[in-house]
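>>> give me the fold of what follows.
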Amino acid sequence: MLPQLTMVLGGAASGKSAFAESLVVQTGRSRVYLATAQAFDDEMQAKVDRHRDMRGSGWLTVEAPLDPGAALRDTDASQIVLLDCATMWLSNQMLAESDLAHAQNALMAALSDCPAPVVIVSNEVGLSVVPENALARRFREAQGRLNQALAAQAGLVVNVIAGLPQVLKGQLP
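As a prediction, this is how the structure comes out:
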């Protein structure tokens, strides 16, 4: 059985989303896919379509690029939520010039108050070189703070590298 909050972390194209989806499917619960990506160009739309096709049927998809809190509160205890992903959510917040501390606090509260278990996907962006521009450095720092907050609240944290899961906290079901 999964804890109330599970975090699946990894780099770009690491297999983290596929692993998170498999965790959700294995529960046998009614599945809610909370999508945070926004397709501003054809390449991103193709990625969104590819992820949707890989998931297959059996998912209720809710688009929540800026405020997943309402969707999290609207679930019931018989469901399970896959929020994919915290990195896109953070990027959306930064593009909207949101108060990041307020937005993060609201997200953490919504995750805590959600009646259904949640699996949240996030990117690890701190293992690379220091970005050359201020916005990228600000994003990297904000992502690191968000990941630390999510990991602290999660009962299970899994890092996926090359499709291979490594448990950092808790135990896989």
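
>>> residue ranges for the helices of this protein, please.
Along the chain, the segments classed as helices by DSSP state H run 16-26, 42-55, 69-73, 86-95, 100-113, 134-153.

>>> which elements pack onto the first one?
Helices and strands in packing contact with helix 16-26 are listed as strand 5-10, helix 42-55, strand 79-84, strand 118-123, strand 156-161; criterion 3 or more C-beta pairs under 8 Å, 6 or more residues apart in numbering; DSSP states H and E. Any C-beta I mention is one placed from the backbone N, CA and C, and that applies to glycine too.

>>> next, the angle strand 118-123 makes with the last one.
The one in question is strand 156-161. If you take axes from the mean of the first three to the mean of the last three C-alpha atoms, to 10 degrees, strand 156-161 sits at 30 degrees to strand 118-123.

>>> quick check: mean pLDDT of strand 156-161?
Strand 156-161 carries an average pLDDT of 98.

>>> tell me which residues in it are buried?
By 16 or more other C-beta atoms under 10 Å, the buried positions in strand 156-161 come out as 156-160.

>>> can you name the farthest residue from the center of this protein?
Residue farthest from the centre of the chain, counting by C-alpha atoms, centre = their mean, is residue 132 at 25.9 Å.

>>> looking at the chain, which helix or strand is least sure?
The weakest-scoring helix or strand in the chain, judged by mean pLDDT, DSSP states H and E, is helix 42-55 (a mean of 82).

>>> stretch 42-54: which residues count as buried?
Those would be residue 51, for stretch 42-54 by 16+ other C-beta under 10 Å.

>>> what does that stretch contact?
Here stretch 42-54 makes contact (C-beta atoms under 8 Å, 6 or more residues apart in numbering) with 17-18, 21, 35, 37-39, 61, 84.

>>> of those - the most surrounded one?
Comparing the contacts of stretch 42-54 by number of neighbours (other C-beta atoms under 10 Å), residue 84 comes first, having 25 neighbours.

>>> check the gap between that one and residue 113 for me.
Applying C-beta to C-beta, to the nearest Å, the value for residue 84 to residue 113 is 20 Å.

>>> do residue 73 as well
To residue 113, residue 73 is 7 Å away according to C-beta to C-beta.

>>> find residues that contact each of the two.
Counting by C-beta under 8 Å, 6+ apart, residue 73 and residue 113 have no shared contacts at all.

>>> and the pLDDT at the residue farthest from the centre of the chain?
Here, the pLDDT recorded for residue 132 equals 89.
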